[in-house]
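>>> what would the 3D arrangement of this be:
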Amino acid sequence: MAPAVVRKAPYKDFLQPALHRRFSTTASILLVTAYFQALLLGSWDSLFWSWFPIGPAGIRTFFLSLCGLSIIVLRIAQYHVGLRTSNSPFETFAQNALKLQTLEAVLTYVFSGWLFSLVYIWSSASDSSLSWVTYYSGDRARLNEKPLFFTCHFVIFGVVEACLHIFRDNDRLSLGVADPRDDGKAQDGKFTQSQLKRFLDEVPSMLIAAATQSLALLFLSIVVYPLFLRGFVWRTALIFFRPFYNLPKTNILPASVPFSVRVLYQSVLAGTLLSFVWQAGNRAFSIFLVREPLKNGKPLTSESKDPNGSLLNGLKSKKLSIKCFAMWELAFIARDYENRRKAIYEDIDRKDGPMWSQVYVICLDVIKSVEARIDNYGKTPSHNTGTASVPIESHRRPSQALKQDPILQSTPQKKTFRNKVEDAVSQIATSPGQPPQLSPIAKKAMTSAKDKLLQLQREATGSDDPQSLFKTLALKFLSSSAGWPFRQEYNRRLTAAVLGTPYGEPSLYINAISALSQLTVHSLKEDKYGNVQRDVATILRTMTSVTRKLESFKSQFPTHWTDVTPRQDAPEVDAILAALRNGLANLVDAFGPYARDLRLSLTDIRLAKEAAGISNKDEPDKRSEMRQVR
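Prediction:
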């Protein structure tokens, strides 16, 4: 009877439940925020029903929480890991402006703003100037334009906030790293007080930002609504309300102003509340969903029947988010969990090879991908069709001299202006290298215009180079705030070249370097089979080569002429370089005494030390001691 096969659970079976638990934490925070706002919008006529959840306060809480939960659902549907890598902000805009995700973001924020405005109008008192229909001269009804302006203000608010959402790349999850230099143990994956304190510490800044944004967008609505939206909104509202109210049949816009001081004040107050809901939801999502890949103080895959197999499934995933979380977990295992490290060393009977060999190949491929991008930077991809090109002999016609006939054949007539133009065009077409024959008057006019242009250029740039004037004007434009989207800054171009496009996640490379170096170092005491030592030389040489290439590439990377900023730093690339140096330092410190047994030459050790930034001040002393011994 064949032995029972243990099911290898996919990595997402452990990652998705963890993300769901973290989503529930974010939803709870939004629910509490919506409840407090519901109490603020209440009338407080009754001391009991004003706060009791089963009543008007509960209904307002439900709809206000939908305004925030719709944004969280958008984040879940569109979340991604990695930076949006491109050469300029305009290139990023061109890549994302026409995507379906952008339209979804706009519709979601517009729905949230529209729903919030309706809840606020419903919660307002009868004398708040926000009633949809007012009565005058007895029972004659008239449509009130003030709630129309109020609702349109929040629709505009939603459109602007959606653009800011895409611009800030709020859908990105910024994953962390398991820094081997950190002496503390990994935090538990549960809801911790430190994360709640971090969120509460940001509440005052979020309130200030919400009030500032609400006041700024109110001025935008005051301009946009009367100029572009008023007529259309007024006619549409009349069509909707006429079946229910006895409104006048005329569609003429009222002569009064569509807002009052009280309505403007209510718009600022309501906009502050709505903006705070959006900011709180986005911030809570970013804080709680990127917690460490742990559960109850253990790696996520610890509950699997085959932990190594589930971890390998995540490391081999084609989805960048799953692969990054799995690599993050591997880095924690390599740093903090001895039992799981030993399980990796001792798992040698796996179908596709020993567990260590597969982890070693995956991590090394991630590190070498940086080297491959550096080697291929600036090279045009070769399009190989797969078929050999066979020269085909074509039938050639004997070449004849070009005819000197006029392009437009016409009968002999007087030398009119049209004939002169035809002669000039014909001469340019048949003799492109020779200037056309111009009359003395035309030559004089051209020389005078050229001299004036050169004089203006000398006054503006101090040079006779015809391109310097345009370059000077372009640099002035790029130095202004309007030219920022078109700058190809050093940081953006270097990050895109090293991490790739359209997304690049630095934590993937840092965790891969950390995991590989930590597993290699710990193998000295924990690898009882000695399988790791066979790969130490390759790991050391590869990390040395990548470090040296990345340092040289960064130092020699050219600055684009549109980059008018003096800064030449790249934090993401610097973080990868720091991880490589730290990993090399650990490897040299651990395996330096065994270099000869591992088939490492003195040159390999020297290059590794130079790449890691380790000084060789002690080497002359050692050499002098050896000479004295001899």
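>>> the stretch 401-550 of the chain: strands as residue ranges?
Taking DSSP state E, counting those that start in this stretch as the criterion, the stretch 401-550 of the chain carries its strands at 503-504.
>>> low-scoring stretches of it, by residue?
Applying pLDDT under 70 to the stretch 401-550 of the chain flags residues 401-439, 441-446, 448-469.
>>> what distance separates the start and the end of stretch 254-265?
Taking C-alpha to C-alpha, to the nearest Å, the first and last residues of stretch 254-265 lie 22 Å apart.
>>> tell me the mean pLDDT over that stretch?
Averaged over stretch 254-265, pLDDT sits at 90.
>>> buried stuff in it?
For stretch 254-265, a neighbour-count test (16 or more other C-beta atoms under 10 Å) marks Pro258, Phe259, Val263, Leu264 as buried. Heads up, the C-betas are built off the backbone N, CA and C, glycines and all.
>>> assumed the last one was part of a strand.
In other words, Leu264. No. Looking at Leu264 with DSSP: H, G, I helix; E, B strand; the rest coil, it is helix, so not inside a strand.
>>> the nearest residue in space to it that is not next to it in sequence: how many residues sit nearby?
Leaving aside its sequence neighbours, Leu264 sits nearest to Leu218 (C-beta to C-beta, 6 or more residues apart in numbering; 6.4 Å). Neighbour count of Leu218, defined by other C-beta atoms under 10 Å: 18.
>>> which of the helices or strands spans Leu218?
Element membership for Leu218 (DSSP states H and E) is helix 203-224.
>>> contacting residues around that helix?
The list of residues contacting helix 203-224 from outside it, by C-beta atoms under 8 Å, 6 or more residues apart in numbering, reads 149, 152-153, 156-157, 160, 259, 264, 267-276, 279-280, 283.
>>> so what's the nearest residue to Lys316 once chain neighbours are set aside up against?
Leaving aside its chain neighbours, Lys316 sits nearest to Ile362 (6.9 Å; criterion: C-beta to C-beta, 6+ apart). Going by C-beta under 8 Å, 6+ apart, Ile362 touches Leu315, Lys316, Ala512.
>>> of those - the most surrounded one?
Ala512 (29 neighbours).
>>> that one and Ala570, how far apart?
The gap separating Ala512 from Ala570 is 19 Å, by C-beta to C-beta, to the nearest Å.
>>> what of Leu66?
Computed with C-beta to C-beta, the distance linking Leu66 and Ala570 is 41 Å.
>>> same check, this time on Ser555
12 Å.
>>> for these two, indicate the residue with more neighbours.
Neighbours per residue (other C-beta under 10 Å) separate Ser555 from Ala570, with Ala570 holding more: 22 against 8.
>>> straight-line length of stretch 36-48, end to end?
In stretch 36-48, first residue to last residue: 15 Å (C-alpha to C-alpha).
>>> list the buried ones in it?
Residues of stretch 36-48 classed as buried: Gln37, Ala38, Leu41, Gly42 (neighbour count, 16+ other C-beta under 10 Å).
>>> model confidence over it, on average?
Averaging the model's pLDDT scores along stretch 36-48 yields 81.
>>> could you report the neighbour count for Leu294?
So Leu294, with other C-beta under 10 Å, has 21 neighbours.
>>> right, I mislabeled it, should have said Glu161
Glu161 is flanked by 25 other residues according to other C-beta under 10 Å.
>>> what helix or strand is it located in?
helix 146-168.
>>> next SSE after that helix?
Counting by DSSP H and E, what follows helix 146-168 is strand 172-173.
>>> distance from the following helix or strand past the helix holding Leu218 to the middle of the chain?
Going down the chain from helix 203-224, the next helix or strand is helix 230-241, by DSSP H and E. Here helix 230-241 is found 40 Å from its chain centre; the criterion is C-alpha atoms, centre = their mean, to the nearest Å.
>>> what's helix 230-241 packed up against?
Using 3 or more C-beta pairs under 8 Å, 6 or more residues apart in numbering; DSSP states H and E, the elements in contact with helix 230-241 are strand 140-143, helix 146-168.
>>> quick one: buried residues of the shortest one?
Which is strand 140-143. Neighbour-count burial for strand 140-143 flags Ala141, Leu143 (criterion: 16+ other C-beta under 10 Å).
>>> average pLDDT across it?
85.
>>> from here on, count from 7
Yep, numbering from 7; the last one is strand 146-149 now.
>>> what does that strand rub up against?
Residues from elsewhere that reach strand 146-149 (C-beta under 8 Å, 6+ apart): 138-142, 240, 243-244, 247, 251-254.
>>> adjacent strands (with direction) for that strand?
strand 139-142 (antiparallel) (DSSP bridges).
>>> got the CA positions of the strand it pairs with in PDB?
What follows is strand 139-142, C-alpha atoms only, in PDB (Å, rounded to 0.1, in the frame of the first residue of the first chain):
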ATOM      1  CA  VAL A 139     -37.400  72.000  -1.100                       C
ATOM      2  CA  THR A 140     -38.500  75.200   0.500                       C
ATOM      3  CA  TYR A 141     -41.900  76.800   0.600                       C
ATOM      4  CA  TYR A 142     -42.900  80.400   0.100                       C
END
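>>> got the contact list for it?
By C-beta under 8 Å, 6+ apart, the surrounding residues in contact with strand 139-142 are Ala147, Arg148, Leu149, Asn150, Phe247, Tyr251, Leu253.
>>> ok, the fourth one touching Ile127?
What that stands for is Asn150. No. Counting by C-beta atoms under 8 Å, Asn150 does not reach Ile127; the two are 10.5 Å apart.
>>> who touches both of the two?
Common contacts of Asn150 and Ile127 (C-beta under 8 Å, 6+ apart): Leu136, Trp138.
>>> any idea what the residue nearest to the spatial centre of the chain is bridged to?
Residue closest to the mean C-alpha point of the chain, counted by C-alpha atoms, centre = their mean, is Arg90 at 3.5 Å. Per DSSP bridges, the residues bridged to Arg90 are Tyr509.
>>> residues touching it, list them.
When contacts are counted by C-beta under 8 Å, 6+ apart, Arg90 touches Thr98, Gln101, Asn102, Asp175, Arg178, Pro508, Tyr509.
>>> quick check: the two most widely separated of these?
Spanning the widest gap among those are Gln101 and Arg178, at 14.5 Å by C-beta to C-beta.
>>> what secondary structure does Gly598 sit in?
Gly598, by the three-state scheme (three-state DSSP), is helix.
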